[in-house]
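*Asks:* coords below, sequence missing:
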């Protein structure tokens, strides 16, 4: 692969009329097809430590994705974002709120709202925040605190570790509620199944998958984005993916490695029991394991696929 980024575009339907899906070693758990969903029973949790290290990881991840895709958004919203009354919502903006801040700088006439379960403003005290940028603290699963049909564009990414069970169906409907007719949503998620993984790295990732499966039962990740939008009634759904190398492929592979290394440290005590290691968690043993696992990635030329999908709220309610 080198630094070549493979891409594949889909129109949301396969030739037989069914929803098309990308290749994955995971089974598709499916989504409810009903147009109504019960409000989630669980509260969101901040999945990783709210520390400067995690904030810096989110910051670097944003620019890694921007480098991969050569853009920060995918829906056709350029003209919309140039309007002075444009209302943009970033769901799960994270402690860095870097997408919100970066986009607010690029589109100074629009107003950007970053929503997260934690108080994002605390981590922004020592950096410049554009005047058209706002931060809100709230739990998405308790409802988005914006009125019906008040938002032009919604952005959400890397929430695979946040939603329980069928929360995503309800979330898609809640996004639909706040969007204006003709408004757009962008979703970005990684396919948590690595490609061309060596045995140790595959074991590490499978342990993480088992943790997610135990907690969430159905896993929301990259290959499910298209279907989640189609099932919720969005139209003009488009999707694509890019492949990112782990530990090889030049600067991009180094960026991916640094991102995954921090994540691996976050989940160490949780994933340890899935790694065929005896006894309680021992940091030195775990560090030695992940060093070997990442070294394998160079030999096997391991990569992940990062998916995006965009959809539009219909101008008229579905009949």
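*Replies:* On my side now, so go ahead. None of these values were measured; they are calculated from a predicted model. Residues are numbered from 1 along each chain as shown.

*Asks:* and the strands in the stretch 51-200 of the chain?
*Replies:* Assigned by DSSP state E, counting those that start in this stretch, the strands in the stretch 51-200 of the chain fall at 87-91, 111-116, 133-137, 151-157, 179-190.

*Asks:* mind putting these into a markdown table with distance to residue 205?
*Replies:* In this view, the C-beta of every residue, glycine as well, is placed from N, C-alpha and C. Compiled in a markdown table, the strands of the stretch 51-200 of the chain are given as follows (distance: least, C-beta to C-beta, whole Å):
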| stretch | distance to residue 205 |
| --- | --- |
| strand 87-91 | 26 |
| strand 111-116 | 26 |
| strand 133-137 | 32 |
| strand 151-157 | 20 |
| strand 179-190 | 11 |
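
*Asks:* looking at those, spot the one closest to residue 304.
*Replies:* Nearest of the strands of the stretch 51-200 of the chain to residue 304, taken as C-beta to C-beta: strand 179-190 at 5.7 Å.

*Asks:* give the buried residues for that closest one.
*Replies:* Within strand 179-190, the residues that count as buried by 16 or more other C-beta atoms under 10 Å are 179, 180, 183, 184, 185, 186, 187, 188, 189, 190.

*Asks:* who's in contact with the last one?
*Replies:* When the contact criterion is C-beta atoms under 8 Å, 6 or more residues apart in numbering, the partners of residue 190 are 158, 160, 221, 222, 304, 305, 306, 307.

*Asks:* before we move on, what about the first one?
*Replies:* Residue 179 is in contact with 149, 151, 152, 154, 185, 313, counting by C-beta under 8 Å, 6+ apart.

*Asks:* could you find the closest non-adjacent residue to the first one?
*Replies:* Using C-beta to C-beta, 6 or more residues apart in numbering and skipping the chain neighbours, the partner closest in space to residue 149 is residue 180 (4.8 Å).

*Asks:* hang on, the earlier thing: can you list the strands of the stretch 51-200 of the chain in JSON lines and add mean pLDDT and distance to residue 103?
*Replies:* Shown next, in JSON lines, are these (pLDDT from 0 to 100; distance: least, C-beta to C-beta, whole Å):
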{"stretch": "strand 87-91", "mean pLDDT": "98", "distance to residue 103": "7"}
{"stretch": "strand 111-116", "mean pLDDT": "96", "distance to residue 103": "6"}
{"stretch": "strand 133-137", "mean pLDDT": "94", "distance to residue 103": "9"}
{"stretch": "strand 151-157", "mean pLDDT": "98", "distance to residue 103": "8"}
{"stretch": "strand 179-190", "mean pLDDT": "97", "distance to residue 103": "11"}
